[in-house]
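Chemist: just the structure for this:
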Amino acid sequence: MTSEGFGHPYAVLRPVRSGNTFEETIEHLLQAIRVGLFPPGQKLPSERDLAAHLGVSRATLREALAELQQAGYLEVRRGRYGGTYILESAASTGAEEGRIDPEELRDVLTFRAVIEPAAAEVAAQADLPASARQHLQACLTDLQAAEQGSYRARDARFHIAVAELTGSPTLITAVAETRARTSALLDKIPLLPANLEHSNQQHEAITGAILRGDAAQARTLMADHLEGTAALLRGFLEG
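Modeler: Below is the predicted model:
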């Protein structure tokens, strides 16, 4: 039996696989906390060990740990017995934030993963007039300038703007309704500055792909962006 055999958290804690390293790191750590692999009161393994097992940089791991500390899951202690510890309240934090029916969560995320990448692809294929291009760019600019309190509303507006470029009322309605359901879920989890910064980079890349008519890239970039959001929602809201 190795040190990573049965009962060891590394036997279950999965390496990060996607391009959304920060978001997926958050997801994996929260899942490990929630299922008791890292129980309340326990000291986390060293940053070097955790980062190596997750397959992320120590900088990314530190960023994730800092956000989880801010969200009330972790505590950093100094001194002889210093380190990062799981707070006793961590097990109930998710419930206080409003965990939902896992089936509902999966339904929203599955439908969104189908409809929004398709909308981005169709938007990039469209013959866009100058006014449409300006509208998308204006929504991106507004989103990038948003304060935390208005970020999610402007984020939703940007995603709907992408659908508007398709010219399909049915698709626009589907994206708007799906985004409303997603926003209700996002309101149950904390805003993470590192995630907002990463999301803004992704939004800019998506906009660029659409405006230069690269349909395949627009679809891929949107799918990757949505998976980052999905990772956070699964991490914070799944029981």
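Chemist: low-confidence stretches in the protein?
Modeler: Applying pLDDT under 70 to the chain flags the ranges 1-13, 35, 90-99, 239.
Chemist: then Arg14 would be within a helix, right?
Modeler: No: assigned with DSSP: H, G, I helix; E, B strand; the rest coil, Arg14 falls outside any helix and is coil.
Chemist: okay, now it: neighbour count?
Modeler: A count of neighbours around Arg14, defined by other C-beta atoms under 10 Å, yields 14. Glycine gets a C-beta too; all of them are placed from N, C-alpha and C.
Chemist: what's next to the helix or strand containing Ala138, contact-wise?
Modeler: Using DSSP states H and E, the element containing Ala138 is helix 130-144. With contact meaning C-beta atoms under 8 Å, 6 or more residues apart in numbering, helix 130-144 is reached by 126, 151, 154-155, 157-158, 161-162, 164-165, 200, 203-204, 207, 210-211.
Chemist: what's the next secondary structure element after that helix?
Modeler: Using DSSP H and E, the helix or strand that follows helix 130-144 towards the C-terminus is helix 148-164.
Chemist: next, the angle from that following helix to helix 130-144.
Modeler: Put simply, helix 148-164 runs at 160 degrees to helix 130-144, going by axes from the mean of the first three to the mean of the last three C-alpha atoms, to 10 degrees.
Chemist: thinking again about what came up before, out of the contacts of helix 130-144, who has the most neighbours?
Modeler: Ile210 (29 neighbours).
Chemist: quick one, what contacts it?
Modeler: By C-beta under 8 Å, 6+ apart, the contact set of Ile210 is Ala120, Ala123, Ala124, Leu136, Val162, Leu165, Ala218.
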